[in-house]
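1. coordinates only, sequence not included:
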């Protein structure tokens, strides 16, 4: 789901502010995580993961843009490099930590663990000072909704074809 929503959220964040869409995306992601932890059935879990995906679709492009606005140009490269390194180590160590938490405390605990990190991010970003104002006055008329819908549909179909190809050859 995040792959489908990334282009739309990236455009909206460009227009209305990265911090706003970071807060929105993280909040939706955390709600999805909480619902995943409560999931009584597989179908409920899938729906909660879809909600998580919508939130993640906002977080992906907005985080890099937000870092670019938080740091002056002289230190922006270092900040983006640090973010990339943290993301790399998170991708390497996250599954290991998640596996340990899962084995020790059960499936729901993994989702609740994610909530603690997300809340920390939400609190931290509230104290961030923007280096420059990135909002641009515009209207929602400037957004290509049909293009976003077609792109989302094309991505979803491509992913489905890929899954079916892997399954049936």
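-> That came in fine, so what should we check first? Owing to the predicted nature of the structure, the values given are computational and were not obtained by experimental measurement.

2. Please identify which helix or strand holds residue 110.
-> Assigned by DSSP states H and E, residue 110 belongs to helix 107-126.

3. helices and strands around that helix, which ones?
-> helix 18-38, helix 73-105 (3 or more Cβ pairs under 8 Å, 6 or more residues apart in numbering; DSSP states H and E). Just so you know, the C-beta spots here come from the backbone N, C-alpha and C atoms, and that holds for glycine as well.

4. quick one, which of the ones you listed is packed in tightest?
-> Mean neighbour count (mean count of other Cβ atoms under 10 Å) peaks for helix 18-38 among the helices and strands packed on helix 107-126, with a mean of 20.

5. I'd like the mean pLDDT over that helix, please.
-> Average pLDDT, helix 18-38: 94.

6. quick one: the residue nearest the centre of the chain from residue 94, how far?
-> Residue closest to the mean C-alpha point of the chain, counted by Cα atoms, centre = their mean, is residue 56 at 2.0 Å. Residue 56 sits 14 Å away from residue 94, taking Cβ to Cβ, to the nearest Å as the criterion.

7. swap in residue 78?
-> Counting by Cβ to Cβ, the gap from residue 78 to residue 94 is 23 Å.

8. Next: residue 72.
-> Relative to residue 94, residue 72 is positioned 31 Å away (Cβ to Cβ).

9. what's the answer for residue 142, then?
-> Counting by Cβ to Cβ - residue 142 and residue 94 are separated by 37 Å.

10. Residue 44 now?
-> Counting by Cβ to Cβ, the gap from residue 44 to residue 94 is 23 Å.
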